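Asker: Sequence below, structure please.
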Amino acid sequence: MGEFFSVAFGFPTALFSFSLLVVALYWALVLAGGLGIDLLGGGADADAGAGTATEDGDAGDGPATGMFAFLGLGGVPATVVLSLLIVLAWFVSLTGAALADGTVVRAFVLVAALIAAWGGTRLIVLPLRRVFRRPAEASLRDFVGLPCVIRTGRVGPDFGQAEVTSADGSSAIVQVRQPATDVAVAGEAEGTSLTAGSTALIFDFDPAGQFFWVMPHDAAFGPPAP
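Answerer: Predicted coordinates for the structure are as follows:
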């Protein structure tokens, strides 16, 4: 047992040991119901559009999911990808460190662990993409036609978030966009600009960008302009 701890908390395994403890604690809280699987923005419901899978398997907005998509690991929640990377890297580095002696040799073990973790995670992620893609698409489209409350300082063709409440009473923060024709300077005077606290209507969903198109709620239901 002493030899195990010596290897687990020695170079290079120690680089992943603390992260492995965090991962174990996180998944324990998930199983207990205290946390959601999409803590980093990779899920479909809690942060729709921020990290859900697109039609080509890549992730949506967000630094973590964007980086994983660049590495070919997109399409599933970022927490799942990160957990797989840490577990595989820890296991490979533990095995390699137990068989190798010397700092130089263990440096190669570190490189091998990182490569093996990426390759193993990619193999696991490929079938998981189908599991996370289809339910996410269905739940996202359910928001179309619902009102939402803007939670960012502004909404434009390239930026914006809003809070939407579904029919079952649950709420979610989603990525929203407003067409450029609705955010002209002249539109601000007409009350068509969307700012924090404004009520908007979700009228369409963009599957490629994983965001919703919105328009001012008053403009959607108000009387036609003379």
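Asker: give me every residue that touches residue 11.
Answerer: Applying C-beta atoms under 8 Å, 6 or more residues apart in numbering to residue 11 gives the contacts 97, 103, 106, 110. Every residue, glycine included, has its C-beta placed from N, CA and C.
Asker: On the three-state scheme, it is what?
Answerer: Under DSSP: H, G, I helix; E, B strand; the rest coil, residue 11 falls in the coil class.
Asker: So which of the contacts of residue 11 sits lowest on pLDDT?
Answerer: Across the contacts of residue 11, no position has a lower pLDDT than residue 103, which has 74.
Asker: okay, now the domains of this structure?
Answerer: 2-139, 147-221 (automatic domain parsing).
Asker: So among the contacts of residue 11, which ones count as buried?
Answerer: The neighbour count (16 or more other C-beta atoms under 10 Å) marks 97, 106, 110 as buried among those.
Asker: Could you save these as JSON lines and add columns showing secondary structure?
Answerer: Below are the buried ones among the contacts of residue 11 laid out as JSON lines (three-state DSSP):
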{"residue": "97", "secondary structure": "helix"}
{"residue": "106", "secondary structure": "helix"}
{"residue": "110", "secondary structure": "helix"}
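Asker: For the residues you listed, could you give me TSV that also reports distance to residue 33?
Answerer: Below are the buried ones among the contacts of residue 11 laid out as TSV (distance: C-beta to C-beta, whole Å):
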residue	distance to residue 33
97	36
106	40
110	36
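Asker: who does the helix or strand hosting residue 89 touch, helix- and strand-wise?
Answerer: Here residue 89 sits within helix 78-99, counting by DSSP states H and E. Judged by 3 or more C-beta pairs under 8 Å, 6 or more residues apart in numbering; DSSP states H and E, the packing partners of helix 78-99 are helix 2-8, helix 14-32, helix 63-70, helix 103-141.
Asker: How far off centre is that helix?
Answerer: Distance of helix 78-99 from the chain centroid (C-alpha atoms, centre = their mean, to the nearest Å) equals 21 Å.
Asker: Likewise for stretch 109-119?
Answerer: Taking C-alpha atoms, centre = their mean, one finds the center of stretch 109-119 at 24 Å from the center of the full chain.
Asker: Need the residues that contact it.
Answerer: 11-12, 15-16, 71, 73, 84-86, 88-90, 92-93, 96-97, 100.
Asker: ok, now with 10 Å
Answerer: Stretch 109-119 has contacts (C-beta atoms under 10 Å, 6 or more residues apart in numbering) with 11-13, 15-16, 71-73, 84-100, 106.
Asker: Pretty sure residue 202 sits in a strand.
Answerer: Yes - counting by three-state DSSP, residue 202 is located in a strand.
Asker: hang on, it packs against residue 150?
Answerer: No - look at residue 202 against residue 150 with C-beta atoms under 10 Å: they stay out of range, at 11.4 Å.
Asker: Name the residues contacting each of those two.
Answerer: Shared contacts of residue 202 and residue 150, defined by C-beta under 10 Å, 6+ apart, are found at 162, 176, 214.
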